[in-house]
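Asker: This is the structure alone, sequence omitted:
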Ligand SMILES: Nc1ncnc2c1ncn2[C@@H]1O[C@H](COP(=O)(O)OP(=O)(O)OP(=O)(O)O)[C@@H](O)[C@H]1O
């Protein structure tokens, strides 16, 4: 149990210890004549003094906690306030580097101690794994063989490294002081969480020198000369060796490739005639390089921006730009992006910086990194640019076993199998999508826990199956420790000192408190033993049933043998895991079984409506027409007398836009010459990407928008389909989207506020109708000719999201995705308010709050960086953005039960008459210029220069697949 008195006592003892260390060292300094020994002792004195500083700080806060706990709250509130009110406060702006954790001069704090302990623990685990491997080799060969010798030497090296690491760990443990504040020190950085993120690129590492290391022969006689060399190790493979030097100075550069590598290590050796052993090491997990590379990029970009004020307008300008109009911002940005073909960019991460070696010493290095980003992942624009939305299909369930829905996952942490307690060596394993139970693929069949999501008891038997009747409950009690522990259920590393860990007093297993209810009551029984007993039960049962059967066969003729159902099933496809499309096909076949047979398809009609009929003819000829599609203008009226609509009724005039999912074209309705925007989606890609349900949902959301003719939501005129495509016929908004307009000119604060108010009402309506929009961005806000806006693109909407309901699909447009989506957590409508914050930031400041060269960097920025605001920006504007861009959903503006109302009441919207906004009675400050209905100047030339034709689709859909689109077509409210 934590007691402040005990903690104070503990810190005091630690301070005294450091003081006596200093005294001892000082006495030795006076008595030695060896300059190197002197230098090392002096370093030890400095180190102990810095430890005393840290410990004294901790002692002071403990005293406050003891004597005036109320002051602590005030202090905390003050700290928080000073962070939020400082508009320039940001990890990026402060220039904080991910390498700070390794800097030799970094003043100690709890975060550094915790992270270092985690680093060392992880490294120890890796060494442990290597040792196990080497041990196998040692046992395999005879003592005389060369392989044996090599393996034995390697073994000794690993043992020495382990000794060094353990001694470092001991040092940090001695400095650690427990705190009662929940999660005070345990808030892990993203680096600590994703230690094993793979990294691909080229590293240039220059080693300048080392100092203060414990050389093996540091005695009076050596006079500072040692034969020392370094190895650079990437994922346990030596990639570079340095030359041997005598005075710890190299100035040697090493260039090496990291290919999906997870760690890089510099190991310092003292060369000896018989064997050379490591004396110090530096461990750099890939996550550090990735994180620092991203921060450096953002710093560089920020340094190029000059925040200027112009009345109420904030204009971020680029130094390099001698622009007179805002339009050149986007040109600048675009050319900057173009400078990185293939996504390769070299970043100088460290320049002659001293980092800490473990267990003692420092190393001076310079580090450059050129990240290799696959072309497909490069974000083409550093500033504001179009970005398609992404939707990740749900991970494929590859096995249903004991109620678990196992998906194959790749982890970026060291994970432990819940069955055999061994590590997931290559980071891949099975995890239940429902309860997070994690195991090796090979251990699946040895699992004995049932998924609690499906039953109330973890050991309940499967239907007709066997179960263990043992109930020996674990005796769990809260546990805090420095040692590396993994959860016996979900397999994740248990964060140090997070007060969410249990350890069984009897058998010693550890788990998260939240996972403890999922662990079966089999204290003291190994998984192997449990399986053994289960097998015994099974064979006894089988034997008994055979005996019974043979007794019965004396009187009855033998019945055919019925195979007992297997308790698990792998969903198989030829050659392994089934594909999503196979799964879908299966689903649609199932669905088809419940649908009435469709009439045989009529002969395809050749449309005569396209601006280039010859192309259209060739394109459309092979199509299997829609079962309900009208084939000629005369068929506008259906059997029921309701009008029908089809491809023949439109003339395509121009391409207006393209997204990740479809293409939007301007089309003229032949019957009244009215213009519509038609979104065209290919059926085969809908099926291939498992997006049938979202297509249907998109249409239902259109219906919801149509229902009230909401002023700020795009309405649907009709929908129809051909054999290969589906079409949404939408009202045409001729002013273009806000992405185009912001690239033309910066919005004034007033203009941004006006658009934000209208968007806010659109979101409010969606949320009231239990829809989360999930794709708010400038590209999806269209500007009408009267200057008002309409929200478009309902492709990512999630319906039925009543209050308190959560969902989990990973989707959105990278720069706008809320942290909870990125963290794979369950999320709710608050994600729309996060995106609203990003949108507001972009509209007001003309750039994104979270930037990166690729998706990965953007995601890291969203999870770690604080957005920056110009110093002169009005307080309410900063405040609303900070409140919307709050990572904690419960604290996020709009995240509460009052939803939009809280946003509408924020001082940023002070003076806004929401009723007048809704009735469009506020005159917009800006109206897009158009010369007439057919003017497409408000659309990106990137799209409008394309020919408005439908490209050929080669695939032919089966009847069942066609059937799955039944019900899509509708016109003026009528369904097919
Ligand atoms: N009704 C419309 N009137 C005018 N232009 C439109 C209309 N609907 C869409 N657009 C234009 O087409 C572009 C792409 O449309 P949309 O966002 O619906 O496609 P998408 O494939 O779903 O895109 P994303 O990948 O962003 O989800 C829009 O950014 C806009 O410029």
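Answerer: Great, that's in hand. Note that the structure is predicted; figures quoted are calculated from it, not measured. Residues are numbered from 1 along each chain as shown.

Asker: and stretch 116-127, average pLDDT?
Answerer: Averaged across stretch 116-127, pLDDT comes to 86.

Asker: what does it rub up against?
Answerer: Identification of contacts with stretch 116-127 by CB atoms under 8 Å, 6 or more residues apart in numbering yields 101, 158, 161-162, 165-166, 168-169, 172-173, 176, 188, 192, 195, 236, 263, 283, 285, 358, 414, 423, 482-484, 493, 495-496. Where C-beta positions appear, they are placed from N, C-alpha and C, glycine not excepted.

Asker: Any regions of the stretch 551-700 of the chain where pLDDT drops low?
Answerer: Scanning the stretch 551-700 of the chain for pLDDT under 70 picks out the ranges 551-643.

Asker: Okay, now the unreliable bits of the stretch 351-500 of the chain?
Answerer: Within the stretch 351-500 of the chain, the segments meeting pLDDT under 70 span 374-383, 392-399, 453-469, 481-482, 496-499.

Asker: Which parts of the stretch 1-150 of the chain are helices?
Answerer: Using DSSP state H, counting those that start in this stretch, the helices found in the stretch 1-150 of the chain span residues 4-31, 35-67, 69-85, 110-140, 146-175.

Asker: Can you tell me which of these is nearest to the ligand?
Answerer: Checking those against the ligand by CB to the nearest ligand atom gives helix 69-85 as the closest, at 32.3 Å.

Asker: what is the mean pLDDT for the closest one?
Answerer: The average pLDDT for helix 69-85 rounds to 52.

Asker: what do you get for stretch 226-245?
Answerer: Mean predicted lDDT for stretch 226-245 stands at 93.

Asker: what about it, how long is it end to end?
Answerer: One end of stretch 226-245 to the other measures 7 Å (CA to CA, to the nearest Å).

Asker: Same question for stretch 881-890.
Answerer: The straight-line separation of the ends of stretch 881-890 (CA to CA) is 16 Å.

Asker: same question, stretch 353-366
Answerer: End-to-end distance of stretch 353-366: 6 Å, with CA to CA as the criterion.

Asker: give the contact list for the residue nearest to residue 21 when sequence neighbours are not counted.
Answerer: Excluding its sequence neighbours, the residue lying closest to residue 21 (CB to CB, 6 or more residues apart in numbering) is residue 48, at 4.8 Å. Residue 48 makes contact with 18-19, 21-22, 25 under the criterion CB under 8 Å, 6+ apart.

Asker: Please report how far the closest residue to the ligand within the chain lies from residue 390.
Answerer: Proximity of the chain to the ligand (CB to the nearest ligand atom) peaks at residue 659, 1.7 Å away. As judged by CB to CB, to the nearest Å, residue 659 and residue 390 stand 11 Å apart.

Asker: Neighbour count for those two, which is higher?
Answerer: For residue 659 versus residue 390, neighbours defined as other CB atoms under 10 Å are more numerous around residue 659 (19 against 16).

Asker: gap between residue 13 and residue 26?
Answerer: In this structure, residue 13 and residue 26 are 20 Å apart, going by CB to CB.

Asker: Compare these two (neighbour count), which wins?
Answerer: Higher neighbour count among residue 13 and residue 26: residue 26, with 14 against 11, using other CB under 10 Å.

Asker: In contact with the more buried one, which residues are there?
Answerer: Going by CB under 8 Å, 6+ apart, residue 26 touches 41, 45.

Asker: try it again with 7 Å
Answerer: residue 45 (CB atoms under 7 Å, 6 or more residues apart in numbering).

Asker: that older thread, so which of the contacts of residue 48 is surrounded by the most neighbours?
Answerer: residue 18 leads the contacts of residue 48 on contacts (other CB under 10 Å) with 23 neighbours.

Asker: Write out the residues of the stretch 551-700 of the chain neighbouring the ligand.
Answerer: Residues of the stretch 551-700 of the chain found near the ligand (CB under 6 Å from any ligand atom) are 656-657, 659-662, 664, 677, 679.

Asker: Recalculate using a threshold of 5 Å.
Answerer: Proximity of the stretch 551-700 of the chain to the ligand (CB under 5 Å from any ligand atom) is limited to residues 656-657, 659-662, 664, 677.

Asker: Now do the strands in the stretch 801-950 of the chain.
Answerer: For the stretch 801-950 of the chain, strands defined by DSSP state E, counting those that start in this stretch occupy the ranges 811-812.

Asker: which of the residues of the stretch 551-700 of the chain next to the ligand sit farthest apart?
Answerer: Spatial extent of these (CB to CB) is set by the pair 660 and 677 at 17.4 Å.

Asker: out of the two, which sits in the more crowded spot?
Answerer: Comparing residue 660 with residue 677 by neighbour count (other CB under 10 Å), the higher total belongs to residue 677, at 22 against 12.

Asker: Which strand residues bridge the more buried one?
Answerer: When bridges are called by DSSP bridges, residue 677 pairs up with residue 666, residue 730.

Asker: How about the contacts made by it?
Answerer: By CB under 7 Å, 6+ apart, the neighbours of residue 677 are 656, 664, 666, 730, 732-733.

Asker: got a list of what the residue positioned nearest the centre of the chain touches?
Answerer: For the chain, residue 822 is the residue whose C-alpha lies nearest the centre (CA atoms, centre = their mean; 3.7 Å). By CB under 7 Å, 6+ apart, the contact list for residue 822 reads 859, 862-863.

Asker: Most neighbours among those, please name it.
Answerer: Going by other CB under 10 Å, residue 862 tops those with 27 neighbours.

Asker: Leaving out sequence neighbours, find the closest residue to that one.
Answerer: Closest to residue 862 by CB to CB, 6+ apart is residue 850, at 4.6 Å.

Asker: again, but for residue 58
Answerer: Ranked by CB to CB, 6+ apart and with sequence neighbours excluded, the top spatial neighbour of residue 58 is residue 177, at 5.1 Å.

Asker: Please apply the same query to residue 63.
Answerer: Distances taken as CB to CB, 6+ apart place residue 8 nearest to residue 63, at 6.9 Å, with adjacent residues excluded.

Asker: now swap in residue 262 and tell me
Answerer: Excluding its sequence neighbours, the residue lying closest to residue 262 (CB to CB, 6+ apart) is residue 196, at 4.5 Å.

Asker: Check the residue nearest to the centre of the chain and give its pLDDT.
Answerer: Looking at residue 822, its pLDDT reads 89.

Asker: Could you do residue 755 as well?
Answerer: In this model, residue 755 carries a pLDDT of 97.

Asker: Renumber starting at 3 from here on
Answerer: From this message on, residue numbering opens at 3, which makes the last subject residue 757.

Asker: so what's it up against?
Answerer: Each residue near residue 757 by CB under 7 Å, 6+ apart is listed here: 740, 783, 791, 845.

Asker: for residue 214, same thing?
Answerer: Applying CB under 7 Å, 6+ apart to residue 214 gives the contacts 41-42, 45, 362-364.

Asker: Could you save those as TSV and add columns showing distance to residue 371?
Answerer: Listed next are these as TSV, based on distance: CB to CB, whole Å:
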residue	distance to residue 371
41	32
42	32
45	29
362	27
363	24
364	21
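
Asker: Any chance of those residues in a markdown table with neighbour count and distance to the ligand as columns?
Answerer: Below are the contacts of residue 214 laid out as a markdown table (neighbours: other CB atoms under 10 Å; distance: CB to the nearest ligand atom, whole Å):
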| residue | neighbour count | distance to the ligand |
| --- | --- | --- |
| 41 | 14 | 61 |
| 42 | 23 | 60 |
| 45 | 17 | 57 |
| 362 | 19 | 54 |
| 363 | 24 | 52 |
| 364 | 22 | 50 |
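
Asker: thinking again about what came up before, was I right about the residue nearest to residue 65 contacting residue 63?
Answerer: No. Applying CB atoms under 7 Å as the test, residue 10 and residue 63 come out as separate, 10.4 Å apart.

Asker: Bridged to residue 239, which residues?
Answerer: Going by DSSP bridges, residue 239 forms beta bridges with residue 236.
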